[in-house]
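Asker: Provided below for reference: sequence and predicted model.
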Amino acid sequence: MTDVLSLLLTLLTLTPALDDHGFQRAIDTTLPRVVKLYGLRVGLEAGYGSGVIVSPEGHVLTVYSLLIDARNVRAVTADGSTYDAEVVFRDMERQLALLRLANPAAGPPDPAGQAARAESPPTSFPCFDLAEEVELLPGDWILAAGNAFKVAEGDEPVSIAHGVFSARTRLDARRRVRDFPYHGDVLVIDAITSNPGAPGSAVVNLDGRFIGMIGREVVSNLTHTHFNYAIPRDVLLRFYQTAISADAADAALATTAGTTMEAGHPTPQDLGFRLSAVGYKRVLPFVEFVRIGSPAQIAGMRKDDLILSVNGRSVATVEEVEQRLKAAQPGDPLTLVLRRDRNIVTANVTTETPQ
Amino acid sequence: MTTRSAASCLCLTAAFWILAGATSMATRGDNPRGPQADFELLQATQEVVRNVAAQMKQYLVRIETVGGAQPPEQIVDPEDEEGEQPRKRRSQRPFVDTPGSSFEIADGPTTGIIYSPDGYIIASSFNFVREPLLITVLLPDGRRLAAELIARDQVRKLALLKVDATGLPVPTWVDPREIRVGQRAIALGLGFGGDRPSVTLGIVSALHRMRGNAFQTDAKLSPANYGGPVCDIDGHILGIAVPMAQRPGELAGVEFYDSGIGFALPRSRVDEIVEVLKTGRSFYRGWLGIQIDPGVQDGLVVFKVANPSPMQEAGVVPGDRIVAINGEPIRHFGDMVKALYMIPAGEQVTLQLESDGREFNAAVTLAAAHELGDLPDVAEPFDPSVPKPDTDEDE
């Protein structure tokens, strides 16, 4: 009998080692740093989501959704404890929100199961360090951890998906997706993560280092396939820094910051050229006029040049040239690639400060 | 082979041996180093994939296009609406055409592979559906050149470009007979921009797909890497990624974006096609030049024959029944589409027909749409394999 028991014990102690695998370290790091979020279901929006703990004080980063606007948002941590999640800051433009895990006050039970209310908040939450830089190359393994389809009930751990990192890019230009909610850089991944509940999932590399967070679900209205992407760590870090330094109630700050950023960008007029205005709908960016002595003329631009790209990003329409100019910082030199007859020429335009 | 590429090959080989070593460790289940060995295996795989991407970069070009129309289905031409050119309009309608959504071909950069040192570049014809005014190619060495679109294959979705350059580095391709189902497939593309090729990882899912033209992979393929290579772990090219589906049309395959179903043309097929494209001849979709009687649900009965058309030359008249194409029995419209969708104009098919109870065979050379006489617009032919009638071929 004792022999059998000791054999069983040996087997039991051996089993974890046998079950372990190369992704274990990353998963062990990630699970305690991800929360499941529950709130109100509004229309087509799921009443659940995921979040990433980013400070020992219990700050949780997630994707902005109507869920966040619900009166009672609850967060369930990996140990099954439930917290009230207070909204600290929301940024409609970047589609991000910062929450904070608060007193495990009494309230209605978790809709997804019997997760226990935390007795008292821990003094320090396990968290990802957003400031930690991580080397990431296309083809690197990634894991995404979150509450996709809320299959993780009660105190069950969130789901893990794996794939590789494909590229860092902006999706809006490439994919022609309507209503793409986020216009900054994204990390394209080849794991299937664009699912209800997955926004706010942590994305880590093979070492369990945080590289990004799954953004809002995006479905192509053409192919009905989902785009799988994460918002990069550095973008999240900038948001987080803004969010914690801003007064939680002062939402106006975000708006003011937005308008200041718009001002002062170079326009074709400032640079001394005018673009074609003939045709309709998609107007090719032909240069129609170059002002004598203007930065455009000094840089060698000529009438009838066709602008192919601005600062390395290709442009197909007048509108896109204007968009790219808006994206440039005042005073920064601009590199324009032009087609002149059958030749390709480059013009380096130094921007003037607008009058 | 240059010294640099030889060195990167050595690196690859070294990484592969680490991988092989880790595999042998991982197979010993009772080894307490199991998880560590597995971790090392994953790390080694990651290293191999990074190296393949780095090594392949020198063979890939970024293709940018300027101008060009959106495909015809998006442009509402009143003359078309009145049925002036029904065939042209309808044949290019995209598969997914949900009401209220307009299809726009993305105009971001796309990918091409250097085919020969003297400046031939292969890409996906999908990249040029818009008939761009100007095509530029950014070579790996940083030179940006205007490219000429020599010809394209609208059926196998391949395009041949030429730039004025010599001494370009040429990648190694895998002998198609050595491609195995289950082997790793690394898909690379430059469509997302940036300095490094994008990477999606998968395996070879099946061979001899699309009537023997392509192999299938579950590496995610989309316009971001169409025209780019699908490589093995040694950095050799298994095939060039192209959009494909079991239906004809220039936009066939868009329904499979990033779905885990993707196709690539192996070297042997690429060579056969490029041989012809180099002469400036394009492959167009093949047509019989008939309409099928929409009122007949039992088999396929010819309703109208275009004048001129391959079927008219073969002596086919309205009322004739199509029994088989190239030996494949034809029971309904979908069968005919499947039998013909990968056969370009200019190639011959053998039709088995029935006329007044008499069976006869006819060798028919498929024609391109512009070689056919006009056909009036008719209702959709009955096809039990298509629940919603959105394949509207009128051969």
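Answerer: Structure received.

Asker: Looking at the stretch 251-395 of chain B, what residue ends up closest to chain A?
Answerer: Distances between the stretch 251-395 of chain B and chain A by C-beta to the nearest C-beta are smallest at B:Y257, namely 4.6 Å. For glycine as for every other residue, the C-beta is placed from the backbone atoms N, C-alpha and C.

Asker: Determine the number of other residues adjacent to that residue.
Answerer: B:Y257: 23 surrounding residues under other C-beta atoms under 10 Å in any protein chain shown.

Asker: nearest spatial neighbour of A:R342, skipping sequence neighbours?
Answerer: Of all residues not flanking A:R342 in the chain, B:A146 sits nearest, at 6.1 Å (C-beta to C-beta, 6 or more residues apart in numbering or on different chains).

Asker: hang on, the one you found packs against B:L133?
Answerer: No. Contact criterion C-beta atoms under 8 Å: B:A146 and B:L133 do not qualify, at 11.0 Å.

Asker: Would you mind putting the CA coordinates of whichever helix or strand A:A296 is part of into PDB?
Answerer: Using DSSP states H and E, A:A296 sits within helix A:295-298. Extracted C-alpha coordinates of helix A:295-298, given in PDB (Å, rounded to 0.1, in the frame of the first residue of the first chain):
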ATOM      1  CA  PRO A 295      10.800  75.500 -50.600                       C
ATOM      2  CA  ALA A 296       9.300  73.300 -53.300                       C
ATOM      3  CA  GLN A 297      11.100  75.100 -56.000                       C
ATOM      4  CA  ILE A 298      14.400  75.200 -54.100                       C
END
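
Asker: Next secondary structure after it?
Answerer: Counting by DSSP H and E, the element after helix A:295-298 in chain order, helix or strand, is strand A:306-310.

Asker: check contacts around the residue nearest to A:R342.
Answerer: Neighbouring residues of B:A146 by C-beta atoms under 8 Å, 6 or more residues apart in numbering or on different chains: A:339, A:342-344, B:134-137, B:163.

Asker: Can you turn the buried part of those residues into a PyMOL selection?
Answerer: Those of the contacts of B:A146 that count as buried under 16 or more other C-beta atoms under 10 Å in any protein chain shown are selected in PyMOL with:
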select buried, (chain A and resi 339+344) or (chain B and resi 134+135+136+137+163)
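
Asker: Of the contacts of B:A146, which is the nearest to B:A245?
Answerer: Closest approach between the contacts of B:A146 and B:A245, by C-beta to C-beta: B:I135, at 25.3 Å.

Asker: Could I get the full set of helices for the stretch 1-150 of chain B?
Answerer: All helices of the stretch 1-150 of chain B, identified by DSSP state H, counting those that start in this stretch, fall at B:3-27, B:34-56, B:78-81, B:86-91.

Asker: Where does the prediction get shaky in the stretch 201-350 of chain A?
Answerer: Within the stretch 201-350 of chain A, the ranges that satisfy pLDDT under 70 run A:219-225, A:247-265, A:277-283.

Asker: could you pull out the strands for it?
Answerer: A:202-205, A:210-214, A:229-232, A:273-275, A:287-290, A:306-310, A:313-314, A:333-340, A:343-350 (DSSP state E, counting those that start in this stretch).

Asker: Adding distance to A:V52, write the ones you listed out as TSV.
Answerer: Shown next, in TSV, are those (distance: least, C-beta to C-beta, whole Å):
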stretch	distance to A:V52
strand A:202-205	5
strand A:210-214	6
strand A:229-232	11
strand A:273-275	43
strand A:287-290	47
strand A:306-310	35
strand A:313-314	30
strand A:333-340	37
strand A:343-350	41
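
Asker: What parts of the stretch 251-395 of chain B come near chain A?
Answerer: B:254-259 (C-beta under 8 Å from any C-beta of the partner chain).

Asker: Just the buried ones from these?
Answerer: Buried subset of these (neighbour count, 16+ other C-beta under 10 Å): B:254-259.

Asker: Please flag which of those sit within helices.
Answerer: Counting by DSSP state H, none of the members of these fall within helices.

Asker: Just send those residues back as CSV, with pLDDT too.
Answerer: Shown next, in CSV, are those (pLDDT from 0 to 100):
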residue, pLDDT
B:V254, 71
B:E255, 71
B:F256, 76
B:Y257, 73
B:D258, 72
B:S259, 75
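
Asker: contacting residues for B:A224?
Answerer: Contacts of B:A224 by C-beta under 8 Å, 6+ apart are A:166-167, A:174, A:188, B:189, B:191-192, B:198.

Asker: The closest residue to it other than its chain neighbours - how many residues pack around it?
Answerer: Excluding its sequence neighbours, the residue lying closest to B:A224 (C-beta to C-beta, 6+ apart) is B:G191, at 3.6 Å. As a burial measure, B:G191 scores 25 neighbours (other C-beta under 10 Å).

Asker: can I assume B:G191 sits in a helix?
Answerer: No. The assignment for B:G191 (DSSP: H, G, I helix; E, B strand; the rest coil) gives coil, which keeps it out of a helix.

Asker: Quick check: it touching B:G112?
Answerer: No. With contact defined as C-beta under 8 Å, B:G191 and B:G112 do not form a contacting pair (10.6 Å).

Asker: Need the residues touching each of these two.
Answerer: B:G228.

Asker: low-scoring stretches of the stretch 51-200 of chain A, by residue?
Answerer: A:70, A:103-122, A:171-183.

Asker: just the helices in it please.
Answerer: A:66-69, A:171-175.

Asker: same question, the stretch 151-300 of chain B
Answerer: Using DSSP H, counting those that start in this stretch, helices in the stretch 151-300 of chain B cover B:209-212, B:267-277.

Asker: Nearest to B:I122 among those helices would be which one?
Answerer: helix B:267-277 (6.5 Å).

Asker: nearest residue to A:Y229 other than its sequence neighbours?
Answerer: That would be A:V186: by C-beta to C-beta, 6+ apart, it lies 4.2 Å from A:Y229.

Asker: now swap in A:F286 and tell me
Answerer: Using C-beta to C-beta, 6+ apart, the closest residue to A:F286 is A:S276 (4.0 Å).

Asker: try B:L340
Answerer: If the residues on either side of it in the chain are set aside, B:L340 comes closest to B:G286, at 6.3 Å by C-beta to C-beta, 6+ apart.

Asker: how close does the residue nearest to B:A224 sit to B:G286?
Answerer: According to C-beta to C-beta, to the nearest Å, B:G191 and B:G286 sit 30 Å apart.

Asker: B:S355 now?
Answerer: Note on B:S355: its distance to B:G286, by C-beta to C-beta, is 23 Å.

Asker: How about B:L158?
Answerer: In terms of C-beta to C-beta, B:L158 sits 16 Å off from B:G286.

Asker: Next: A:S159.
Answerer: 47 Å.

Asker: again with B:M311
Answerer: As judged by C-beta to C-beta, B:M311 and B:G286 stand 12 Å apart.

Asker: Among these two, which residue is more densely surrounded?
Answerer: Taking other C-beta under 10 Å, B:M311 and B:G286 do not tie; B:M311 has more neighbours (28 against 25).

Asker: Check which helix or strand the more buried one maps to.
Answerer: Per DSSP H and E, B:M311 falls inside helix B:310-313.

Asker: who does that helix touch, helix- and strand-wise?
Answerer: Using 3 or more C-beta pairs under 8 Å, 6 or more residues apart in numbering or on different chains; DSSP states H and E, the elements in contact with helix B:310-313 are strand B:300-305, strand B:358-365.

Asker: Tell me the helices and strands packed up against the longest one.
Answerer: The criterion is 3+ C-beta pairs under 8 Å, 6+ apart, and the helices and strands that strand B:358-365 contacts are helix B:310-313, strand B:348-355.

Asker: returning to that earlier point: return the most buried member of the helices and strands packed on helix B:310-313.
Answerer: Per residue and on average, the most neighbours among the helices and strands packed on helix B:310-313 fall to strand B:300-305, with a mean of 21 (mean count of other C-beta atoms under 10 Å in any protein chain shown).
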